[in-house]
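In: Generate a structure from the sequence data that follows.
(one chain, ligands or ions: 1)
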Amino acid sequence: MDIFQTIGEISGKAYNSYLQAAKENGAKIAGYFCQVPVEVIHAAGLIPYRMRAVGSSGTAKGDIYYSPLNCTFTRHCFDRAFRGGFDFLDAVIFMNGCDHTRRMYDNWRHARKTQNISPDFLYMFVTPHIVDEYSMDRYIEEIRKFSKCLSERFGTNITNDLLLNSIKLFNKQRRLITKIYEKRKSMEATVKGSDILSMMFAVTAMPVDTANDLLEKIDASISDNPVPEKADIRVLITGGCIEEIDIIRIIEGCHAVVVADNLCVGARYFDMEVDESGDPAESLAKRYLNKLSCPRILNAFDARMKHIYDTIRDYRIDAVITQKLKFCDLWGVENLMLKKESQRTGFPLLALERELYGEGIGQLKTRIQAFIEEVHNRKNCPGFFS
Ligand code: SF4
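Out: Numbering: from 1, shown residues only. As a prediction, the model looks like this:
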């Protein structure tokens, strides 16, 4: 079987065969949201599992706790929790990414008591919303508190050596993913963006050493088998929560290829290594607070824009597509600022709003097709942004 077919199968399920095998061998799994330091989870002896709503059949049960004005990511995720979709987890680590996800911690705890939904270990990891000296101290303190709590609950003493070992494994993963992403700078399409998103979903849902082996195989397979089709328009995709690989396929069905991203389970996941020489908790805090952020970090818009402009230059991007879920204020404001930047400097931008696993795919397709066509026409005119 082609390696990307294998990855497609892994990423298309919440509970994949790698997790199943690890669990049968006694491993414990911790689901986590957003910017939780995965190294601490791993050092405690658990497999970090990036929470997704994949496999969701709706939001009816999630809507018991959430209002229709909450984003569909939280409603689908919580719905799955109610229906036993996360029964394979031994812990869930929440984070105050936004108020919608923060609230999931309260809802889950309530439903745990009243409806007995699993797992029984639920933890809120609190992360600052700005980056400065004080927030750095706050983050370090939070890492120490988190380590202590996991150590007590799962019976592992998280030493500096254990943390350093985990840091090295995840740094290796970051280097492997970076190497694969770098290959996408080539003007010949080396790999489809849809396969890359699928890869990212897979590697964030399996033991890190297994994921690293898989990434090495993917790297080799990309060198051996460049993507045959030619694409005129090179796209950078950015924005908030996205789980539907079909959206990338739609873009790539319009004579375009997605060659770069700024997504949670994309560039924001692997950007920046953790320093392996200093105190592990301090090094983790530095990395997680200074890496490529999402709009929840309030004083880092300029850094995010720099990443967009650097990516446009390095990956020779023709068009930027940003997407957000309805009722996501964080990305609502960010996209507005992105539009202003696009007007100021002239890069072509399409801003999409959608529901997670929503029904408006046909409408999205029409908008994407029209946008790519327009970019194609603009590209052939003198004065095109480059
Ligand atoms: S999509 Fe927006 S509102 Fe929903 S969880 Fe993510 S950041 Fe929060």
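In: What does residue 272 show for phi and psi?
Out: Backbone torsions for residue 272, taken as degrees, to the nearest 10, come to phi 70, psi 130.
In: Run through the strands of the chain in chain order.
Out: 28-32, 46-50, 91-95, 121-125, 233-239, 256-262, 319-325, 349-354 (DSSP state E).
In: Take the ones you listed and write them to TSV, including distance to residue 291, mean pLDDT and mean neighbour count.
Out: All C-beta atoms are positioned from the backbone trio N, CA, C, and that covers glycine. Converted to TSV, those look like this (distance: least, C-beta to C-beta, whole Å; pLDDT from 0 to 100; neighbours: other C-beta atoms under 10 Å):
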stretch	distance to residue 291	mean pLDDT	mean neighbour count
strand 28-32	16	98	23
strand 46-50	15	98	24
strand 91-95	14	98	24
strand 121-125	16	98	19
strand 233-239	15	97	25
strand 256-262	12	96	26
strand 319-325	20	98	23
strand 349-354	24	97	20
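In: Could you check how far the residue nearest to residue 316 when sequence neighbours are not counted is from the ligand?
Out: With C-beta to C-beta, 6 or more residues apart in numbering as the criterion, residue 316 has its nearest non-adjacent residue at 5.8 Å, and that residue is residue 234. Relative to the ligand, residue 234 is positioned 26 Å away (C-beta to the nearest ligand atom, to the nearest Å).
In: Would you mind listing what in this protein touches the ligand?
Out: Applying C-beta under 6 Å from any ligand atom, one finds that the chain approaches the ligand through 71, 73-74, 97-98, 100-101, 240-241, 325, 328, 330-331.
In: Out of the residues you listed, which sit inside helices?
Out: Among these, DSSP state H puts 73, 74, 100, 101, 330, 331 in helices.
In: And the pLDDT for the closest residue to the fifth one other than its chain neighbours?
Out: Spatial nearest neighbour of residue 330, chain neighbours left out: residue 295 (4.3 Å); criterion: C-beta to C-beta, 6+ apart. With respect to pLDDT, residue 295 has a value of 96.
In: so residue 295 sits right up against residue 335, yeah?
Out: No - using C-beta atoms under 8 Å, residue 295 makes no contact with residue 335, being 9.1 Å away.
In: tell me the contacts of the residue lying closest to residue 373 once chain neighbours are set aside?
Out: Closest residue to residue 373 apart from its sequence neighbours, by C-beta to C-beta, 6+ apart: residue 254 at 7.6 Å. Shown in contact with residue 254 (C-beta atoms under 8 Å, 6 or more residues apart in numbering): 233, 368, 369, 372, 373.
In: nearest residue to the first one other than its sequence neighbours?
Out: Which is residue 233. residue 256 (4.0 Å).
In: quick one: contacts for that neighbour?
Out: Residue 256 neighbours (C-beta under 8 Å, 6+ apart): 231, 232, 233, 234, 235, 318, 319, 372.
In: what do you get if the cut-off is 6 Å, keeping everything else the same?
Out: Counting by C-beta atoms under 6 Å, 6 or more residues apart in numbering, residue 256 touches 231, 233, 235, 372.
In: of those residues, closest to residue 265?
Out: residue 235 (17.4 Å; C-beta to C-beta).
In: Tell me which residue lies nearest the centroid of the chain.
Out: Residue closest to the average C-alpha location in the chain (C-alpha atoms, centre = their mean): residue 265, at 1.7 Å.
In: how about that one, phi and psi?
Out: phi -100, psi 50.
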